[in-house]
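1. A predicted structure for the sequence below; I have some questions about it.
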Amino acid sequence: MKILTKDKGREYEVFSHYLKEKDLKLTAQRELILRTFLSHRGHISAEELYQRAKEKLAHVGFATVYRTLKHMTQCGLARELDFGNGRIQYEPDFNREHHDHMICTKCDTYIEFLNPQIEELQEQVSRKHGFKITFHRMQLYGLCQKCQKSGK
């Protein structure tokens, strides 16, 4: 298995540094999970990531995938999302612009969006109450256009 080299991206450096600080090794399984995660577009569950990694390396375990996702979340490479459908999803979070989500309650489709007016309003409200925002997540739930049209 080919191990990532530093020219493959800053994500490798961040993950390697994090693992060293935790006195953990960058194993072939962890490297594969990181590569598979970073190559996926959009959100992915631990189960989906496990299936994709297992296709490339038969002896990768689900527990290893789950623990590696937790490490990737803790070092800022991944963001954990709970859309309220019983499945935790993950998305790349390193050097990504902040965004929020609209989630369809019928088909679980999600739409990512950024609205500067909403961001500014949040800042105004926090200043008014003397509150310092360190991070936030906004998730709006409803029906996507397709589900609205289908009448289901």
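-> On my side now, so go ahead.
2. count of residues packed around residue 11?
-> Residues lying near residue 11 (other C-beta atoms under 10 Å) number 21. Bear in mind the C-beta positions are built from the backbone N, C-alpha and C, glycine included.
3. going forward, the N-terminal residue is numbered 35.
-> Yep, numbering from 35; the last one is residue 45 now.
4. mind checking which helix or strand it is in?
-> Element membership for residue 45 (DSSP states H and E) is helix 44-55.
5. give me the mean pLDDT for that helix.
-> Mean pLDDT, helix 44-55: 93.
6. now do that helix: distance to the chain's middle.
-> Helix 44-55 has its C-alpha centroid displaced from the chain centroid by 17 Å (C-alpha atoms, centre = their mean, to the nearest Å).
7. what comes up buried for that helix?
-> 45-46, 48-50, 52-53 (16 or more other C-beta atoms under 10 Å).
8. can you redo those residues as a markdown table with distance to residue 113?
-> Formatted as a markdown table, those follow (distance: C-beta to C-beta, whole Å):
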| residue | distance to residue 113 |
| --- | --- |
| 45 | 13 |
| 46 | 18 |
| 48 | 14 |
| 49 | 15 |
| 50 | 20 |
| 52 | 15 |
| 53 | 19 |
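9. nearest to residue 137, of the residues you listed?
-> The shortest gap between residue 137 and any of the buried residues of helix 44-55 belongs to residue 45, at 26.4 Å (C-beta to C-beta).
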